[in-house]
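K.L.:
here is a sequence with its predicted model. Questions after.
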Amino acid sequence: MRPIEVLSIQRINEADRARIAAVDPAIRLTDAGGWFDGEIRATWPDFAVARYLAPGAEGHGTRAERDALLARAEVILGGWPFPRDLRARAPRLKWFHQRPAGASNLRLGDLWGSDVVVTTSRGAGNTLAIAEYAIAGILHFAKALDRATGEEASGHPGGGFDHRAYRPVLLAGKTLCVVGAGGIGRDVGRLGAALGMRVIGTRRRVDPDAPLPEGFARLGEAAALDGFLAESDFVAICCQWTAETTNLFDARRLAAMQPHAVLVNVARGEIVDEAALAEALARGHLRGVVLDVYVGEFEHPPPAALWRDPRVLITPHVSSLSDRNRHGAIALFCENLRAYVDGAPLRNVLDWERGY
(Lines give C-alpha, C1' and ligand atoms only; values in the text may rest on other atoms or scores of the structure.)
Protein backbone atom coordinates (compact mmCIF):
# COMPACT_ATOMS: atom_id res chain seq x y z
CA MET A 1 0.00 0.00 0.00
CA ARG A 2 1.46 3.35 -1.06
CA PRO A 3 1.88 5.74 1.88
CA ILE A 4 0.20 9.14 1.57
CA GLU A 5 2.00 11.98 3.34
CA VAL A 6 -0.54 14.36 4.87
CA LEU A 7 0.71 17.58 6.46
CA SER A 8 -1.42 19.81 8.67
CA ILE A 9 -0.15 23.38 8.89
CA GLN A 10 -3.22 24.41 10.89
CA ARG A 11 -3.53 23.76 14.60
CA ILE A 12 -5.72 20.71 15.14
CA ASN A 13 -6.63 18.91 18.35
CA GLU A 14 -6.00 15.32 19.34
CA ALA A 15 -9.48 14.20 18.29
CA ASP A 16 -9.03 15.71 14.83
CA ARG A 17 -5.64 14.04 14.45
CA ALA A 18 -7.18 10.70 15.33
CA ARG A 19 -10.03 11.16 12.84
CA ILE A 20 -7.64 11.99 10.02
CA ALA A 21 -5.25 9.13 10.79
CA ALA A 22 -8.15 6.67 11.02
CA VAL A 23 -9.31 7.32 7.44
CA ASP A 24 -6.90 4.73 6.04
CA PRO A 25 -3.74 2.86 7.09
CA ALA A 26 -1.91 4.53 4.18
CA ILE A 27 -2.22 7.94 5.82
CA ARG A 28 0.94 9.31 7.39
CA LEU A 29 -0.12 12.46 9.20
CA THR A 30 2.36 15.10 10.33
CA ASP A 31 0.94 17.81 12.58
CA ALA A 32 2.92 21.02 12.00
CA GLY A 33 0.29 23.42 13.34
CA GLY A 34 2.03 26.60 14.45
CA TRP A 35 5.37 25.69 12.87
CA PHE A 36 5.11 28.42 10.26
CA ASP A 37 4.08 31.27 12.60
CA GLY A 38 7.50 32.94 12.38
CA GLU A 39 7.40 32.98 8.58
CA ILE A 40 3.87 34.33 8.62
CA ARG A 41 4.92 37.04 11.09
CA ALA A 42 7.74 38.06 8.73
CA THR A 43 5.75 38.03 5.49
CA TRP A 44 2.20 39.14 6.37
CA PRO A 45 1.11 42.69 7.30
CA ASP A 46 1.34 43.56 10.99
CA PHE A 47 -2.44 44.05 11.13
CA ALA A 48 -3.04 40.45 10.01
CA VAL A 49 -0.35 39.11 12.34
CA ALA A 50 -1.91 40.85 15.35
CA ARG A 51 -5.33 39.47 14.40
CA TYR A 52 -4.43 35.85 13.73
CA LEU A 53 -1.24 34.96 15.62
CA ALA A 54 -0.78 34.66 19.36
CA PRO A 55 1.53 37.33 20.79
CA GLY A 56 5.12 36.18 20.55
CA ALA A 57 4.37 33.14 18.38
CA GLU A 58 7.51 32.50 16.33
CA GLY A 59 6.92 28.97 15.04
CA HIS A 60 9.05 25.84 15.36
CA GLY A 61 12.00 24.23 13.68
CA THR A 62 14.46 25.68 11.22
CA ARG A 63 13.67 26.86 7.72
CA ALA A 64 15.31 23.68 6.40
CA GLU A 65 13.10 21.52 8.61
CA ARG A 66 9.96 23.30 7.47
CA ASP A 67 11.06 23.02 3.85
CA ALA A 68 11.56 19.28 4.36
CA LEU A 69 8.01 18.93 5.71
CA LEU A 70 6.58 20.72 2.68
CA ALA A 71 8.78 18.80 0.25
CA ARG A 72 7.36 15.46 1.46
CA ALA A 73 3.73 16.51 1.54
CA GLU A 74 1.27 15.08 -0.97
CA VAL A 75 -1.76 16.49 0.85
CA ILE A 76 -1.84 19.63 3.00
CA LEU A 77 -4.56 20.76 5.41
CA GLY A 78 -4.23 24.52 5.73
CA GLY A 79 -6.09 27.68 6.48
CA TRP A 80 -5.49 31.32 7.19
CA PRO A 81 -2.92 32.76 7.15
CA PHE A 82 -0.49 30.48 5.31
CA PRO A 83 3.00 30.53 3.74
CA ARG A 84 2.57 32.54 0.54
CA ASP A 85 5.18 30.46 -1.34
CA LEU A 86 3.60 27.12 -0.43
CA ARG A 87 3.39 25.77 -4.00
CA ALA A 88 7.03 26.54 -4.76
CA ARG A 89 8.19 24.70 -1.63
CA ALA A 90 5.92 21.66 -1.98
CA PRO A 91 6.84 19.99 -5.31
CA ARG A 92 4.94 16.74 -4.49
CA LEU A 93 1.76 18.52 -3.45
CA LYS A 94 -1.33 17.14 -5.20
CA TRP A 95 -4.16 18.44 -3.03
CA PHE A 96 -4.58 21.34 -0.59
CA HIS A 97 -7.66 21.65 1.61
CA GLN A 98 -8.59 25.17 2.66
CA ARG A 99 -10.14 24.79 6.11
CA PRO A 100 -12.15 28.05 5.83
CA ALA A 101 -15.22 28.09 3.61
CA GLY A 102 -14.07 30.97 1.41
CA ALA A 103 -11.47 30.63 -1.32
CA SER A 104 -10.60 34.27 -1.96
CA ASN A 105 -7.90 34.38 0.76
CA LEU A 106 -5.78 32.06 -1.38
CA ARG A 107 -5.38 34.79 -4.00
CA LEU A 108 -2.54 36.16 -1.86
CA GLY A 109 -0.31 33.11 -2.39
CA ASP A 110 1.18 31.03 -5.19
CA LEU A 111 -1.42 28.25 -4.91
CA TRP A 112 -3.96 30.37 -6.76
CA GLY A 113 -4.24 29.21 -10.37
CA SER A 114 -1.66 26.45 -9.87
CA ASP A 115 -1.79 22.79 -10.89
CA VAL A 116 -2.70 21.74 -7.33
CA VAL A 117 -6.24 20.56 -6.64
CA VAL A 118 -7.69 22.83 -3.95
CA THR A 119 -10.84 22.15 -1.97
CA THR A 120 -12.62 24.40 0.52
CA SER A 121 -15.02 23.90 3.41
CA ARG A 122 -17.79 25.74 1.56
CA GLY A 123 -21.14 24.83 3.10
CA ALA A 124 -19.51 23.19 6.12
CA GLY A 125 -18.69 26.33 8.10
CA ASN A 126 -20.48 27.92 11.03
CA THR A 127 -23.27 29.01 8.71
CA LEU A 128 -25.96 29.24 11.39
CA ALA A 129 -23.85 31.57 13.57
CA ILE A 130 -23.21 33.81 10.56
CA ALA A 131 -26.90 33.81 9.69
CA GLU A 132 -27.83 34.76 13.26
CA TYR A 133 -25.33 37.62 13.05
CA ALA A 134 -26.97 38.86 9.84
CA ILE A 135 -30.40 38.81 11.47
CA ALA A 136 -28.99 40.55 14.57
CA GLY A 137 -27.57 43.28 12.32
CA ILE A 138 -30.95 43.72 10.67
CA LEU A 139 -32.64 43.97 14.09
CA HIS A 140 -30.02 46.45 15.33
CA PHE A 141 -31.18 49.05 12.82
CA ALA A 142 -34.80 47.93 12.44
CA LYS A 143 -35.37 48.43 16.17
CA ALA A 144 -33.34 51.67 16.32
CA LEU A 145 -30.77 50.21 18.70
CA ASP A 146 -28.15 52.26 16.87
CA ARG A 147 -29.83 55.41 18.15
CA ALA A 148 -29.86 54.05 21.70
CA THR A 149 -26.13 53.31 21.65
CA GLY A 150 -25.46 56.78 20.23
CA GLU A 151 -27.45 58.47 22.97
CA GLU A 152 -25.79 56.29 25.58
CA ALA A 153 -22.41 57.46 24.33
CA SER A 154 -23.51 61.08 24.71
CA GLY A 155 -23.28 60.74 28.48
CA HIS A 156 -26.74 62.12 29.29
CA PRO A 157 -28.67 59.26 30.92
CA GLY A 158 -32.43 59.41 30.57
CA GLY A 159 -32.62 63.13 29.91
CA GLY A 160 -30.60 62.79 26.73
CA PHE A 161 -33.19 60.65 24.98
CA ASP A 162 -34.85 61.96 21.86
CA HIS A 163 -37.99 59.82 22.02
CA ARG A 164 -39.47 61.10 18.78
CA ALA A 165 -36.37 60.14 16.78
CA TYR A 166 -36.91 56.42 17.45
CA ARG A 167 -38.67 54.88 14.46
CA PRO A 168 -38.49 51.08 14.83
CA VAL A 169 -40.05 48.95 12.12
CA LEU A 170 -41.81 45.60 12.22
CA LEU A 171 -39.93 42.84 10.40
CA ALA A 172 -43.06 40.81 9.68
CA GLY A 173 -44.22 41.54 6.16
CA LYS A 174 -40.98 43.21 5.10
CA THR A 175 -38.87 41.88 2.22
CA LEU A 176 -35.40 40.41 2.75
CA CYS A 177 -33.10 39.87 -0.24
CA VAL A 178 -30.37 37.26 0.20
CA VAL A 179 -27.54 37.75 -2.29
CA GLY A 180 -25.97 34.32 -2.61
CA ALA A 181 -28.38 31.64 -1.44
CA GLY A 182 -25.71 29.09 -0.58
CA GLY A 183 -24.99 27.57 2.82
CA ILE A 184 -24.97 30.87 4.72
CA GLY A 185 -27.63 32.51 2.59
CA ARG A 186 -30.09 29.66 3.00
CA ASP A 187 -29.79 29.90 6.79
CA VAL A 188 -30.30 33.67 6.62
CA GLY A 189 -33.41 33.18 4.50
CA ARG A 190 -34.83 30.50 6.78
CA LEU A 191 -34.38 32.66 9.88
CA GLY A 192 -35.77 35.71 8.11
CA ALA A 193 -38.87 33.79 7.05
CA ALA A 194 -39.32 32.58 10.63
CA LEU A 195 -39.60 36.24 11.66
CA GLY A 196 -42.34 36.76 9.12
CA MET A 197 -40.28 38.33 6.36
CA ARG A 198 -40.84 37.66 2.69
CA VAL A 199 -37.53 36.24 1.47
CA ILE A 200 -36.18 36.51 -2.06
CA GLY A 201 -32.67 35.74 -3.20
CA THR A 202 -30.12 35.13 -5.93
CA ARG A 203 -27.74 32.37 -6.93
CA ARG A 204 -25.23 32.10 -9.75
CA ARG A 205 -27.24 29.25 -11.24
CA VAL A 206 -30.87 28.36 -10.47
CA ASP A 207 -32.45 25.02 -11.38
CA PRO A 208 -36.04 25.90 -12.35
CA ASP A 209 -37.16 22.37 -11.50
CA ALA A 210 -35.64 22.30 -8.02
CA PRO A 211 -37.74 23.22 -4.97
CA LEU A 212 -37.12 26.62 -3.42
CA PRO A 213 -34.89 26.68 -0.33
CA GLU A 214 -36.78 26.68 2.97
CA GLY A 215 -38.35 30.06 3.65
CA PHE A 216 -37.71 31.54 0.20
CA ALA A 217 -40.57 32.97 -1.85
CA ARG A 218 -38.48 33.59 -4.97
CA LEU A 219 -35.01 32.70 -6.25
CA GLY A 220 -33.37 34.25 -9.30
CA GLU A 221 -30.02 34.36 -11.05
CA ALA A 222 -27.68 37.37 -11.12
CA ALA A 223 -29.79 39.26 -13.65
CA ALA A 224 -32.66 39.40 -11.16
CA LEU A 225 -30.67 41.32 -8.55
CA ASP A 226 -31.53 44.86 -9.62
CA GLY A 227 -35.24 44.16 -9.53
CA PHE A 228 -34.95 42.41 -6.19
CA LEU A 229 -33.07 45.34 -4.64
CA ALA A 230 -35.79 47.78 -5.61
CA GLU A 231 -38.40 45.86 -3.61
CA SER A 232 -36.29 44.91 -0.57
CA ASP A 233 -36.24 46.44 2.89
CA PHE A 234 -33.20 44.43 3.97
CA VAL A 235 -30.32 43.03 1.91
CA ALA A 236 -27.85 40.40 3.14
CA ILE A 237 -24.70 39.78 1.07
CA CYS A 238 -23.68 36.14 1.47
CA CYS A 239 -22.09 35.32 -1.90
CA GLN A 240 -18.53 34.37 -2.80
CA TRP A 241 -16.05 37.07 -3.84
CA THR A 242 -15.15 36.50 -7.49
CA ALA A 243 -14.31 38.62 -10.52
CA GLU A 244 -18.05 38.79 -11.19
CA THR A 245 -18.94 39.99 -7.68
CA THR A 246 -16.12 42.52 -7.20
CA ASN A 247 -17.85 45.87 -6.53
CA LEU A 248 -21.18 44.16 -7.19
CA PHE A 249 -22.70 46.82 -4.96
CA ASP A 250 -21.46 49.89 -6.80
CA ALA A 251 -23.01 53.35 -6.90
CA ARG A 252 -25.74 52.23 -9.29
CA ARG A 253 -26.82 49.23 -7.24
CA LEU A 254 -26.68 51.13 -3.98
CA ALA A 255 -28.92 53.78 -5.56
CA ALA A 256 -31.30 51.01 -6.67
CA MET A 257 -31.87 50.07 -3.02
CA GLN A 258 -34.73 51.69 -1.14
CA PRO A 259 -33.66 54.75 0.89
CA HIS A 260 -34.79 53.09 4.13
CA ALA A 261 -33.07 49.76 3.41
CA VAL A 262 -30.51 48.06 5.66
CA LEU A 263 -27.47 46.42 4.06
CA VAL A 264 -25.57 43.57 5.77
CA ASN A 265 -22.31 42.13 4.40
CA VAL A 266 -21.07 38.82 5.86
CA ALA A 267 -19.21 37.78 2.70
CA ARG A 268 -16.14 39.79 1.61
CA GLY A 269 -15.48 43.51 1.69
CA GLU A 270 -14.52 43.64 -1.98
CA ILE A 271 -18.13 42.97 -2.98
CA VAL A 272 -19.10 46.51 -1.90
CA ASP A 273 -17.63 49.67 -3.42
CA GLU A 274 -16.81 51.41 -0.15
CA ALA A 275 -16.33 54.86 -1.68
CA ALA A 276 -19.75 54.60 -3.30
CA LEU A 277 -21.22 53.40 -0.01
CA ALA A 278 -19.78 56.40 1.85
CA GLU A 279 -21.23 58.72 -0.79
CA ALA A 280 -24.65 57.06 -0.54
CA LEU A 281 -24.66 57.51 3.23
CA ALA A 282 -23.52 61.12 2.90
CA ARG A 283 -26.64 61.93 0.90
CA GLY A 284 -28.88 60.22 3.45
CA HIS A 285 -29.42 56.98 1.55
CA LEU A 286 -29.89 53.74 3.57
CA ARG A 287 -31.15 53.31 7.13
CA GLY A 288 -28.10 51.35 8.22
CA VAL A 289 -25.15 49.20 7.15
CA VAL A 290 -23.64 46.21 8.95
CA LEU A 291 -20.15 45.13 7.87
CA ASP A 292 -18.40 42.10 9.31
CA VAL A 293 -15.86 42.51 6.49
CA TYR A 294 -14.21 45.37 4.64
CA VAL A 295 -11.63 45.85 1.89
CA GLY A 296 -8.11 45.22 3.20
CA GLU A 297 -9.33 43.85 6.53
CA PHE A 298 -6.14 41.79 6.87
CA GLU A 299 -3.90 44.82 6.30
CA HIS A 300 -5.42 47.92 7.91
CA PRO A 301 -8.35 49.32 9.93
CA PRO A 302 -11.67 50.07 8.21
CA PRO A 303 -12.16 53.33 6.24
CA ALA A 304 -12.56 56.29 8.56
CA ALA A 305 -15.62 57.59 6.68
CA LEU A 306 -17.48 54.37 7.43
CA TRP A 307 -16.05 53.80 10.91
CA ARG A 308 -17.21 57.17 12.24
CA ASP A 309 -20.68 57.03 10.65
CA PRO A 310 -23.27 56.07 13.32
CA ARG A 311 -25.34 54.34 10.65
CA VAL A 312 -22.52 51.86 10.03
CA LEU A 313 -21.82 48.97 12.39
CA ILE A 314 -18.43 47.33 11.74
CA THR A 315 -17.14 44.18 13.43
CA PRO A 316 -13.79 42.38 12.92
CA HIS A 317 -14.90 39.31 10.90
CA VAL A 318 -16.43 37.57 13.91
CA SER A 319 -19.84 36.55 12.57
CA SER A 320 -18.89 32.85 12.54
CA LEU A 321 -17.94 32.77 16.23
CA SER A 322 -20.20 31.38 18.93
CA ASP A 323 -20.12 29.27 22.09
CA ARG A 324 -20.72 26.15 19.97
CA ASN A 325 -18.38 25.29 17.13
CA ARG A 326 -20.44 23.68 14.38
CA HIS A 327 -17.67 23.90 11.77
CA GLY A 328 -17.50 20.74 9.69
CA ALA A 329 -14.12 21.30 8.01
CA ILE A 330 -12.40 18.24 9.47
CA ALA A 331 -15.35 15.96 8.70
CA LEU A 332 -15.37 17.22 5.11
CA PHE A 333 -11.60 16.84 4.86
CA CYS A 334 -11.81 13.24 6.10
CA GLU A 335 -14.61 12.48 3.64
CA ASN A 336 -12.48 13.88 0.82
CA LEU A 337 -9.39 12.07 2.12
CA ARG A 338 -11.27 8.79 1.85
CA ALA A 339 -12.23 9.70 -1.71
CA TYR A 340 -8.63 10.69 -2.50
CA VAL A 341 -7.31 7.32 -1.32
CA ASP A 342 -9.96 5.55 -3.39
CA GLY A 343 -9.35 7.66 -6.49
CA ALA A 344 -12.88 9.07 -6.35
CA PRO A 345 -13.96 12.71 -7.05
CA LEU A 346 -13.49 15.25 -4.26
CA ARG A 347 -16.18 17.61 -2.97
CA ASN A 348 -15.84 21.41 -3.18
CA VAL A 349 -13.01 21.48 -5.72
CA LEU A 350 -12.05 25.09 -6.39
CA ASP A 351 -12.70 26.23 -9.95
CA TRP A 352 -9.96 28.78 -10.62
CA GLU A 353 -11.91 30.51 -13.38
CA ARG A 354 -15.14 30.72 -11.40
CA GLY A 355 -13.29 31.71 -8.22
CA TYR A 356 -14.84 29.24 -5.75
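P.N.:
Structure received.
K.L.:
quick one: the residue nearest to residue 91 when sequence neighbours are not counted from residue 93, how far?
P.N.:
Computed as Cβ to Cβ, 6 or more residues apart in numbering, the closest residue to residue 91 that is not its neighbour in sequence is residue 71, at 6.4 Å. Quick note: C-beta positions are derived from backbone N, CA and C, even for glycine. Here residue 71 is placed at a distance of 9 Å from residue 93 (Cβ to Cβ, to the nearest Å).
K.L.:
and these two? Which one has more around it.
P.N.:
residue 93 (23 against 13; other Cβ atoms under 10 Å).
K.L.:
output the longest helix belonging to the chain.
P.N.:
helix 127-142 (DSSP state H).
K.L.:
which secondary structure elements does it sit against?
P.N.:
Other helices and strands packing on helix 127-142, by 3 or more Cβ pairs under 8 Å, 6 or more residues apart in numbering; DSSP states H and E, are helix 183-194, strand 234-237, strand 262-265, strand 288-291, strand 312-314.
K.L.:
just send those back as CSV, with mean pLDDT and mean neighbour count too.
P.N.:
Shown next, in CSV, are the helices and strands packed on helix 127-142 (pLDDT from 0 to 100; neighbours: other Cβ atoms under 10 Å):
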stretch, mean pLDDT, mean neighbour count
helix 183-194, 97, 23
strand 234-237, 98, 30
strand 262-265, 98, 28
strand 288-291, 98, 25
strand 312-314, 98, 20
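K.L.:
need these in JSON lines (columns: distance to residue 137).
P.N.:
Listed next are the helices and strands packed on helix 127-142 as JSON lines, based on distance: least, Cβ to Cβ, whole Å:
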{"stretch": "helix 183-194", "distance to residue 137": "10"}
{"stretch": "strand 234-237", "distance to residue 137": "8"}
{"stretch": "strand 262-265", "distance to residue 137": "5"}
{"stretch": "strand 288-291", "distance to residue 137": "3"}
{"stretch": "strand 312-314", "distance to residue 137": "6"}
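K.L.:
for residue 340, which of these is the nearest?
P.N.:
Minimum separation from residue 340 across the helices and strands packed on helix 127-142 (Cβ to Cβ) falls at helix 183-194, 22.6 Å.
K.L.:
and after that closest one, which helix or strand comes next?
P.N.:
The helix or strand immediately downstream of helix 183-194 is strand 198-202, counting by DSSP states H and E.
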